[in-house]
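K.L.:
Based on what follows, work out the 3D shape:
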Amino acid sequence: MATIPLARLLYALLLALIVAYLYAVWSEDSKTPWIALGRMLAQLLLVGYALAYVFLTRHPLVVFAVLTAMAMVAGWIALRTVLDRRRRLFPYALAGVLGGGGLALLVATELVLRPRPWYAPSVLIPLGGMAFSNAMNAVSLAAERYFAERALGLDFARARARAFRAGLIPATNALYAVGLVSIPGLMTGQILAGVDPLVAARYQILVMLMIFAAAGLSAAALLVGVRRIEARETTG
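P.N.:
Model (predicted):
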């Protein structure tokens, strides 16, 4: 694939800045869009440099350390929607992201792709990012919806059902839209790199299944944790 000149990225950045301006003016939140764009630029540039070195590693502990750090950050960010409960819920959010996302990643890489070596960072880290980021979104949506429904007086079972559905909205929408509305990033990248579209489709199917599983398992783990916290508070 051809290298994108940095100067050309300014065209895309201009559109993003227009959206950030509208967000800041219309929502009366003058910080969030600029902070988000700034962090995205800084993080991706730093990650690009870091991964260039990580991909050369020949030690599985380095790969596991990177994946664990990614999961911890994802678990913490996921609870932005429930800041007042963040510290109490973090162990369960982390368990959801690391457990649900990690299990989906394990199946995708070690049972399906079977890279050599088995800990190949160029495989595990990008796919781990996909699994953990979708797990993070599912946890975030499920947590926000659950406590909103409980505040309305719903019992645990009904609040859990609505929260679980909410957590899976992005992943479910992606399943409906893939191939018809959108050609996802992995498949697009492979096609642009010259890979046979049918081969690229198989990889994308694997990714979509991994994402759906990661989101569902992570949201479920969080909701189980919430139930335990509520039970302790009731008996305490």
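K.L.:
Can you give me the domain assignment for this structure?
P.N.:
For the chain, automatic domain parsing gives the domain ranges 1-54, 58-235.
K.L.:
Adding mean pLDDT and mean neighbour count, write the ones you listed out as TSV.
P.N.:
In short, each C-beta sits where N, CA and C put it, glycine included. What follows is those, written out as TSV (pLDDT from 0 to 100; neighbours: other Cβ atoms under 10 Å):
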stretch	mean pLDDT	mean neighbour count
domain 1-54	86	11
domain 58-235	90	18
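K.L.:
thought Pro115 was touching Val123?
P.N.:
Yes. Counting by Cβ atoms under 8 Å, Pro115 touches Val123, with 4.3 Å between them.
K.L.:
Now for those two: what residues contact both?
P.N.:
With contacts taken as Cβ atoms under 8 Å, 6 or more residues apart in numbering, the residues that reach both Pro115 and Val123 are Thr109.
K.L.:
and the closest residue in space to Tyr92 that isn't next to it in sequence, what does it touch?
P.N.:
Nearest-residue entry for Tyr92: Gly225, 2.6 Å, with adjacent residues in sequence omitted and distances by Cβ to Cβ, 6 or more residues apart in numbering. Applying Cβ under 8 Å, 6+ apart to Gly225 gives the contacts 89, 91-93, 95-96.
K.L.:
Now, those residues that are in helices?
P.N.:
89, 91-93, 95 (DSSP state H).
K.L.:
wait, which of these is closest to Val139?
P.N.:
Val139 has its nearest neighbour among the ones in helices among the contacts of Gly225 in Ala93, at 5.2 Å by Cβ to Cβ.
K.L.:
mind checking how far the lengthiest helix in the chain is from the chain centre?
P.N.:
Taking DSSP H as the assignment, the helix of the chain that covers the most residues is helix 197-235. Distance of helix 197-235 from its chain centroid, counting by Cα atoms, centre = their mean, to the nearest Å, is 10 Å.
K.L.:
So that it lines up with my notes, have the first residue be 662 from now on.
P.N.:
Sounds good: first residue 662 from here, last item helix 858-896.
K.L.:
Tyr684 touches Asp690, doesn't it?
P.N.:
Yes. Tyr684 is within contact range of Asp690, at 6.9 Å (criterion: Cβ under 8 Å).
K.L.:
Show me the residue at the heart of the protein, geometrically.
P.N.:
Ser794 (1.0 Å; Cα atoms, centre = their mean).
K.L.:
Mind telling me what element that one is part of?
P.N.:
Per DSSP states H and E: Ser794 is located in helix 782-812.
K.L.:
And that helix, how far out from the chain middle?
P.N.:
5 Å.
K.L.:
How about stretch 676-691?
P.N.:
Worked out by Cα atoms, centre = their mean, stretch 676-691 lies 24 Å from the chain centre.
K.L.:
Would you mind putting the CA coordinates of it into CSV?
P.N.:
Taking C-alpha atoms only, stretch 676-691 is exported to CSV below (Å, rounded to 0.1, in the frame of the first residue of the first chain):
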residue,chain,number,x,y,z
LEU,A,676,-13.6,17.9,8.1
ALA,A,677,-13.1,16.5,11.6
LEU,A,678,-12.3,20.0,12.9
ILE,A,679,-15.6,21.3,11.4
VAL,A,680,-17.5,18.6,13.3
ALA,A,681,-15.6,19.3,16.5
TYR,A,682,-16.5,23.0,16.1
LEU,A,683,-20.2,22.2,15.7
TYR,A,684,-20.1,19.8,18.7
ALA,A,685,-18.5,22.5,20.8
VAL,A,686,-20.9,25.2,19.9
TRP,A,687,-24.2,23.2,19.8
SER,A,688,-23.6,21.1,22.9
GLU,A,689,-22.0,23.9,24.9
ASP,A,690,-19.1,21.4,25.6
SER,A,691,-16.0,23.3,24.4
